[in-house]
Each structure stands twice: as C-alpha cells, then as structure tokens.
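1. Generate coordinates for the sequence data below:
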Amino acid sequence: MRQTWRWFGPNDQVGIEDMLQAGVEGVVSALHHVPTGDVWSEREIEARQRAIASRPDGSPSGLAWDVVESLPVSESIKKQTGPWREHIESYKASLRNLRAAGIRTVCYNFMPVLDWTRTDLKHRVGHGGTAMRFDIYDFAAFDIFILERPGAAESFDSEIVDVAKQRFAAMDTDARREIAENVVFGLPGAAERFSLADVRDHLAEYAAIDEARLRGHLVAFLEEVAPVAEELGMRLCCHPDDPPFSLLGLPRIMSTEAHYGEILRAVDLRANGITLCSGSLGARADNDLPGMMERLGDRVHFLHLRNTKREMDGLYASFHEAEHLAGDTDMVALVAAVLKEEKRRRADGREDADIPFRPDHGQDILDDLKRKAQPGYPAIGRLKGLAELRGVIAGLSYAGERP
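-> Numbering: from 1, shown residues only. Okay, the predicted model is just below:
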C-alpha cells in the first residue's frame, strides 16, 4: 500500500515540509485553478510537478505527483448539454498530457452539481477537536427553507420536516448564511464556486435527468475516455457519491456496490476502475466495505481510507467524520482485504500491485485548530490517521509473514 497525501497546491496551509515530516511516499493533487472543461496543459502540469518536487528553500523534496484528484468532469458532460462533446475531447487531451508527464492514475467523480455535502465544517467532538458533519435536519432546513427547492419537503419524512422547521426558526441570519455556505463549499482555488442561484439553475436543468439517464451519460463519457486511458496505460477511478444517497432531488449512481458493478460491466476495461472511499460509502449501513474490496478489488485503483460515524438509523442519516479506527467501517478488515488483493496482483505480475491510498479527511486536533487549513484536511489529524493505518498495515503484514 503506497502512502500518499492530498495537497491543494501552493496556497494549501499544509505544505511540502509537513508532508515530508509525515513520511508520505507520494502526492495527490490537481489543478483546481484551471476552469472545468479546459485542457490541462503540459506547462501547468509541469509547474505543479516542480512545486511538489521542491522544498521551500529550493532543494529537492524527493516527492512526486502520483495521483490526480480530481480531473473534473463538467456539468455539461454530466447533463450532455452545451459544449459537452468539446469537454470530452479536452478531457482526452488532458489525459495525454498527464501521461506524457508520467502520471498514470486519475480520480474523478460524477456527482451532480456538488462534489460533496456537509452542513457543519467545524463540529465539536468529545475530545475538543472538530470534525466535518452532515446533519440531516439542518440539511432539510437548508433545502426546504433557504434554497426553497420546489417539492423539497416531500423528499423527507414528516418527522425530519418538523424538526427542520424548528431548526430554521431558531437560526439567525448569520446561521442561515453559514449553513448555506457550508453546503455549497468549494475547494480552495477552485475555478467554480456556486451561489444559491447557480444551484437552483443546475437543479432545474437536472429535472428531466433520472438515475438511468445519468448512468447512461457516465457510460457514454467512459466509452470515450476509458479506451484512451487504456491505450495510454492509465487508470481512471471514479469516486463514490458523498453522501451516498440522493440530495436536492438529484440522482445518485455511485453509492453502492451494485452501482459500481453496473459501470464496470458497461465499460469492461482495466482502465475503468474505482476509488474506494471508505468514508463516503461507509455513511450507508448497507455498504460492506471489506466485502466490496474482496469482490471489486481487481478494479480498485485508489483508496481513500477514512471513517464516518452514523448518528441514527435509516438510509438518510446524520453522520460525522470519525477517527480513522473509530467509525462504523471495520478498518482492520478493510486493510486486510487490500493487502490480500495486493498479494494476488503480485502473483499475477501486475505492475499496479501497490495500491495508492491516502488518509482521507481527519479531525482538527492540537495545532490544527490554529492553522485553519482546508476543512477535512488538517496536518495533525491526518498524520494521526496515517500513523494508525501504518500500524494496522504493519501488524497485518507481520502476522501474515509469521510461520
């Protein structure tokens, strides 16, 4: 298992020196400043590679850009509207430029409108640190009373609607603004940030797109780009929906093992693969993460190892980002399944036997609370998670080699 670390670029509050001290082996990054749908040029790719390869004093860092996360899929492609065909050609060109630079693994997602959704970016947990949280009642209050989506109340059980109404009534102007900003939060330096008006416009355009149609659009995208990736010897890996259930009336097509199975069978190329995110998928009680790794492991190209804790029963559940070994996913069993898959790959002589993973998300603890890095991506919280995962990997590897 290859240890990597997500870096958002030069403006990231967790820098190259932090990664070196964390002892990571590779870097996960993206060109967030390039508008979605544009080609990632060789010049921009090389500039990011140079930034990763250099310490602040200009000396070599010894690190390299291992995984792209994400090369974004435009809303035009997802909806098959506007310049979607041109955007697919740009995607192919970006893949070729990345491969020319030596980068072979590309993570992406096919979530409509929003990449991920949380209602609280600084939820206080028991030990005094903070974590990101999704509260179904606060989200319903946003959807029904702030966004005012037509028909929103019918998307929730009556009990959730009643509590959401009380929550909204208790919010002052600042609280309402904060929850709206949290729900539509963008990545630092991202070329696109949505306003509530933008979200409403996108939702209106998705009104005629159901799950089957959106899946068809993903298959059409992959039928174009996966053969290019296969020819280049690259690996595409789709990130699951986050959270893995429908929000804002939008379809979800990458939330379960069955969803992944359909896409893998529809475009049956090794290059068409999976980013197995244990945090996103683990927010659903019916997702068996170790089992998914056992059954789909042949096409898992990238791993996000994080944990979430569900706070209630049911599909539409509140949850928060837990410590890496303390959530609902059996992380030890999942890592054991990963190591088993890697052993199979080595026996088959596969060059991708070492699957890259990163300690995804983390709780803000200790000096993280002062650093104010990208929500979900603290220095010490992720380092703690990485250290715990290293211990699990070392223990399982040692046990497997004993006579």
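2. Now do the contacts for residue 314.
-> Going by C-beta atoms under 8 Å, 6 or more residues apart in numbering, residue 314 touches no other residue. Bear in mind the C-beta positions are built from the backbone N, C-alpha and C, glycine included.
3. Show the pLDDT at the residue nearest to residue 84 when sequence neighbours are not counted.
-> Distances taken as C-beta to C-beta, 6 or more residues apart in numbering put residue 76 closest to residue 84, at 4.2 Å, once the chain neighbours are dropped. pLDDT recorded at residue 76 is 96.
4. Any idea which residue is closest to the centre of this structure?
-> Note on the chain: the residue nearest the mean C-alpha position is residue 239, at 5.6 Å, using C-alpha atoms, centre = their mean.
5. Next, the contact list for that residue, please.
-> Neighbouring residues of residue 239 by C-beta under 8 Å, 6+ apart: 69-70, 107-109, 254, 275, 277, 280, 304.
6. and those residues, which of them are in helices?
-> Counting by DSSP state H, the contacts of residue 239 place residue 280 in helices.
7. By neighbour count, sort out the buried ones in the contacts of residue 239.
-> The neighbour-count test (16 or more other C-beta atoms under 10 Å) marks 69-70, 107-109, 254, 275, 277, 280, 304 as buried among those.
8. Which member of these is positioned nearest residue 178?
-> Set against residue 178, the nearest of the buried ones among the contacts of residue 239 by C-beta to C-beta is residue 280 (23.4 Å).
9. for the protein, what helix or strand is lowest in average pLDDT?
-> The weakest-scoring helix or strand in the chain, judged by mean pLDDT, DSSP states H and E, is helix 196-205 (a mean of 90).
10. tell me what the following helix or strand past that one is packed against?
-> Following helix 196-205 in sequence order, the next helix or strand is helix 211-232 (DSSP states H and E). Counting by 3 or more C-beta pairs under 8 Å, 6 or more residues apart in numbering; DSSP states H and E, the packing neighbours recorded for helix 211-232 are helix 75-79, helix 84-100, strand 235-239, helix 257-266, strand 272-277.
11. before we move on, back to that, who's in contact with the least confident helix or strand of the chain?
-> 75, 79, 81, 112-114, 146-147, 149, 180, 184, 194, 248-250.
12. With stretch 148-161 instead?
-> Residues outside stretch 148-161 that contact it (C-beta under 8 Å, 6+ apart) are 136-137, 140, 143-144, 164, 200, 203, 246, 248-249, 316.
13. Start and end of that stretch, how far apart?
-> One end of stretch 148-161 to the other measures 13 Å (C-alpha to C-alpha, to the nearest Å).
14. Return the distance of it from the chain's centre.
-> Offset of stretch 148-161 from its chain centre (C-alpha atoms, centre = their mean, to the nearest Å): 27 Å.
15. Which of the contacts of stretch 148-161 are buried? Put it as a PyMOL command.
-> The PyMOL selection below is limited to those of those classed as buried (16+ other C-beta under 10 Å):
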select buried, resi 136+137+140+143+144+164+200+203+246+248+249+316
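16. Relative to residue 376, which of the contacts of stretch 148-161 is nearest.
-> Nearest member of the contacts of stretch 148-161 to residue 376, counting by C-beta to C-beta, is residue 136, at 19.0 Å.
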